[in-house]
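Novice: all I have is the shape, not the residue letters:
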């Protein structure tokens, strides 16, 4: 099923110049730099501007998906919490899924390595690769039943948690080994 049939895709707001933080600004703006490598949104660094001409449909809502349309990776970030009145800056794309598709499932599907390879083949440009809104809309998405989507999302969360724990274990094991070796080195020096 084409993405445009299961979601609305909109281009982020286009600014004519570099965004500069405005003290007391009323509108946080999500930029490419605010998306972490592990596909999470870093809300602490959001630039706030004074803007009044924003339409309500442009505001980011909980469960919207932010897509990196430009760059080496074209991954997606799920907005898992309400941000109030915030907007997305171009070249990011904002995806709002229709009923029958879980936003977490679509985010997982977009971030799959096989999907990333297919998306890379759709990218245009030489210096900076970009996936257009149209190309993303035409992209084929596998959409199982809601029950299966829930199962996939839960298994993906468990897999991500396992990866996090394994990485933590590697660090702790290294620290433990260094302490033991340092203790051995200290004991041999005093003998």
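Specialist: Arrived safely, thanks for sending. Keep in mind that this is a model prediction, so the values were computed, not measured. Numbers count the residues shown, from 1 in each chain.
Novice: helices and strands around the host helix or strand of residue 149, which ones?
Specialist: When secondary structure is defined using DSSP states H and E, the element that contains residue 149 is helix 146-190. In terms of contacts (3 or more C-beta pairs under 8 Å, 6 or more residues apart in numbering; DSSP states H and E), helix 146-190 is packed against helix 103-111. The way it works is simple: take the backbone N, C-alpha and C, and place the C-beta from them, glycine included.
Novice: now the angle from the helix it packs on to helix 146-190?
Specialist: 70 degrees (axes from the mean of the first three to the mean of the last three C-alpha atoms, to 10 degrees).
Novice: lowest-confidence helix or strand of this protein?
Specialist: The weakest-scoring helix or strand in the chain, judged by mean pLDDT, DSSP states H and E, is strand 47-49 (a mean of 83).
Novice: how about that strand: buried residues?
Specialist: 47-49 (16 or more other C-beta atoms under 10 Å).
Novice: now do stretch 160-168
Specialist: Taking 16+ other C-beta under 10 Å as the criterion, stretch 160-168 shows none as buried.
Novice: I'd like the buried residues of strand 47-49 as CSV, with distance to residue 120 appended.
Specialist: Formatted as CSV, the buried residues of strand 47-49 follow (distance: C-beta to C-beta, whole Å):
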residue, distance to residue 120
47, 29
48, 34
49, 33
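Novice: go through the residues you listed and name the one nearest residue 18.
Specialist: Of all these, residue 47 has the smallest distance to residue 18: 9.8 Å, by C-beta to C-beta.
Novice: that closest one contacts residue 31, correct?
Specialist: Yes: counting by C-beta atoms under 8 Å, residue 31 is a contact partner of residue 47 at 6.9 Å.
Novice: what is in contact with those two at once?
Specialist: When C-beta atoms under 8 Å, 6 or more residues apart in numbering defines a contact, the residues bordering residue 47 and residue 31 alike are residue 19.
Novice: quick one: pLDDT of the most centrally placed residue in the chain?
Specialist: A centroid search over the chain (C-alpha atoms, centre = their mean) returns residue 77, at 2.2 Å, as the residue closest to the centre. Residue 77 is assigned 95 on the pLDDT scale.
Novice: hang on, it is in a helix, isn't it?
Specialist: No: if the criterion is DSSP: H, G, I helix; E, B strand; the rest coil, then residue 77 is strand and not within a helix.
Novice: apart from its chain neighbours, what residue comes closest to it?
Specialist: residue 66 (4.7 Å; C-beta to C-beta, 6 or more residues apart in numbering).
Novice: what number of residues lie near that neighbour?
Specialist: Neighbourhood size, residue 66 [other C-beta atoms under 10 Å]: 24.
Novice: how much space between it and residue 25?
Specialist: 20 Å (C-beta to C-beta, to the nearest Å).
Novice: could you check how far the residue nearest to residue 77 is from residue 32?
Specialist: Residue 66 is 9 Å from residue 32, by C-beta to C-beta.
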